[in-house]
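Student: Sequence first, predicted model second:
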Amino acid sequence: MPHRPDSSIQSSRWALMAQFALFGLANASWLGRLPAVRDDLGVNSAQLGALLIIGGLGSLAGALVIGAVVGRIGSRAALATATGANLVGFGLIALGTATSSIPVFAIGAVLNGLCGAFINVPINVSAAAVEQRLGRTVLPHFHAGFSIGAAAGAGLAAGFAAFGVAPAVQFPIVIMLVTAVRAALLAPSMRFAPRPHGAADGTGGGMTTATGSVAARPGRREAVRQAMRAWGEPRTLLLGVVLLAASLAEGSAGNWLAIAVDDGFPVGEAVAAATYSAFLVSMTAFRFLGTGLIDRFGRVRVLRVSGATALVGVLLFVFAPALPLALVGVVLWGCGTALGNPVAIAAASDDPARAPQRVSVVTSFSTISSLAAPPLLGLLADAVGARHALLVIAGATVVSLAAAGVVRRQPAGPAPTPARSHELSSQLHSLRLPVYRVL
């Protein structure tokens, strides 16, 4: 029978919900001021885009190394480090904006990109651990919290802009408040994340997972080996493909939906912006409402139905002859996109002892999507129009549907030790890789 969760699990759950919201708020609050940042730096849109890509490369670098870092020092220490570094990153962005210094701004953007990965993986791994403790699906709720925070951050940016507050003044104010709350929530939000065993009492030892098992704490070299090993796991790589498709569907809506509506229908900018709001509301609402479906029907079935819904929605939006029908497509697109990201993260976290390394791998695919999609869709939009360029999402969704079987829940394996890791590494050369059911 389901049991009532104890207060420590609930406090950790709500602390994590706040961490996700703060993550969304911090990102959106400065991205919403990009027009003013462009003017203050004295660059054109193409140059600003190049600076943002540089920041994205920092995020990719962070995603590639965070698995080894968390495996070595634990999620709490990684998040604490990122919280402090994020404050410095925003400070550099503010300083670069205030002084029109492109190098200072670029350094801040790279540091913020690194911090994004160092925040994203620990909070997702911890959220998956809380989900496992509760015994029911809640990870989509945390991602809904991120969406709510992002909406609040966009509103905050609009408010500062309306009152004529310069970005160089806004950014330090917002990040100092965010940092203070993050620091206060650090302990409860990371309570159930995998962490070095004995870190609290100084005894050293192994890695304590969310389920209470203990794995040997790896040395620096072994932590790197374990992180690299995740890149050789077929299931983890296919989960990355699922996450890439979900991130493409979600991110492309943010970048191109309003433009596609404005270009494709005889409406003004306000209606185009409202269309993106409809997408966000649909996605966020279904992240709250869809968890019961996962518990009832399972990850695979729900992901397939969600993907099919997103596919229908995108096709309807692209080929709709009138805006009302296109709006129906946008709502279906938002609902269908809602669960892909959290389901892939949850599947990568099935084994708590390996969750940091695997989540690091799959989130790298999301970062690649965020780097590659904007210029690709921009080129396609120039060639075939913004609406038809979004057919790329449909193609990625079809691939994700084919790979949906990999999100099936997997039992946790035995805790890795250096000796056993070496043995498994040698066996990989003599064993045939497993073929996962994808249909």
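Tutor: It's in. Numbers count the residues shown, from 1 in each chain.
Student: Am I right that Ala403 is in contact with Gly240?
Tutor: No - in this structure, Ala403 sits apart from Gly240 without contact. The criterion is C-beta atoms under 8 Å, and the distance is 9.6 Å. The way it works is simple: take the backbone N, C-alpha and C, and place the C-beta from them, glycine included.
Student: Mind listing what's buried along the helix of greatest length in the chain?
Tutor: When the chain is parsed with DSSP state H, its longest helix is helix 102-134. Burial within helix 102-134, assessed by neighbour count using 16 or more other C-beta atoms under 10 Å, is assigned to 102, 104-134.
Student: roughly how far is that helix from the heart of the chain?
Tutor: 8 Å (C-alpha atoms, centre = their mean, to the nearest Å).
Student: Kindly spell out which helices and strands sit in contact with it.
Tutor: Helix 102-134 makes packing contacts with helix 7-31, helix 45-73, helix 75-99, helix 139-162, helix 340-348, helix 355-384 when contacts are defined by 3 or more C-beta pairs under 8 Å, 6 or more residues apart in numbering; DSSP states H and E.
Student: For the closest residue in space to Gly145 that isn't next to it in sequence, give me its contacts.
Tutor: Counting by C-beta to C-beta, 6 or more residues apart in numbering, the nearest residue to Gly145 once its immediate chain neighbours are dropped is Phe20, at 4.0 Å. Neighbour list for Phe20: Ile123, Ala127, Phe142, His143, Gly145, Phe146, Gly149 [criterion: C-beta atoms under 8 Å, 6 or more residues apart in numbering].
Student: Most neighbours of all those residues, which one?
Tutor: Neighbour count (other C-beta atoms under 10 Å) singles out Ala127 as the most crowded of the contacts of Phe20, with 30 neighbours.
Student: just to revisit the earlier point, could you work out the most separated pair of the contacts of Phe20?
Tutor: Using C-beta to C-beta, the pair of the contacts of Phe20 lying farthest apart is Ala127 and Gly149, separated by 14.1 Å.
Student: Next up, phi/psi of Gly74, please.
Tutor: In this entry, Gly74 is assigned phi and psi values of phi 100, psi 160 (degrees, to the nearest 10).
Student: Correct me if wrong: it contacts Ala193.
Tutor: Yes - the pair formed by Gly74 and Ala193 meets the contact definition of C-beta under 8 Å, at 7.3 Å.
Student: neighbour-wise, which of these two wins?
Tutor: A side-by-side neighbour count of Gly74 and Ala193, using other C-beta under 10 Å, places Ala193 first with 29 against 23.
Student: Am I right that that one sits in a helix?
Tutor: No - for Ala193, which was evaluated using DSSP: H, G, I helix; E, B strand; the rest coil, the result is coil, with no helix membership.
Student: And it, how close does it get to Leu303?
Tutor: Between Ala193 and Leu303 the distance is 25 Å, computed by C-beta to C-beta, to the nearest Å.
Student: On the three-state scheme, the closest residue to Ser147 other than its chain neighbours is what?
Tutor: Distances taken as C-beta to C-beta, 6+ apart place Thr284 nearest to Ser147, at 4.3 Å, with adjacent residues excluded. Reducing the assignment at Thr284 to three states with three-state DSSP gives helix.
Student: Can you get me a residue count around Thr284?
Tutor: The tally of other residues near Thr284 (other C-beta under 10 Å) stands at 21.
Student: Need the pLDDT of the residue lying closest to Leu111 once chain neighbours are set aside.
Tutor: Spatial nearest neighbour of Leu111, excluding adjacent residues (C-beta to C-beta, 6+ apart): Gly89 at 3.7 Å. At Gly89, the model reports a pLDDT of 96.
Student: pretty sure Arg408 contacts Val302?
Tutor: No - counting by C-beta under 8 Å, no contact exists between Arg408 and Val302, whose distance comes to 11.5 Å.
Student: Looking at those two, which one has more neighbours?
Tutor: For Arg408 versus Val302, neighbours defined as other C-beta under 10 Å are more numerous around Val302 (22 against 16).
Student: what's the following helix or strand after the helix or strand harbouring the more buried one?
Tutor: Val302 belongs to helix 299-319 when assigned by DSSP states H and E. Moving toward the C-terminus from helix 299-319, the first helix or strand encountered (DSSP H and E) is helix 323-337.
Student: any idea of the mean pLDDT in that next one?
Tutor: For helix 323-337, mean pLDDT is 95.
Student: now stretch 51-60
Tutor: For stretch 51-60, the mean confidence score works out to 89.
Student: In that stretch, which residues are buried?
Tutor: In terms of neighbour count (16+ other C-beta under 10 Å), stretch 51-60 has its buried residues at Leu51, Leu52, Ile53, Gly55, Gly56, Leu57, Gly58, Ser59, Leu60.
Student: returning to what we had before: is it true that the residue nearest to Ser147 touches Ala144?
Tutor: Yes - the pair Thr284 / Ala144 is scored as a contact, 5.0 Å apart, by C-beta under 8 Å.
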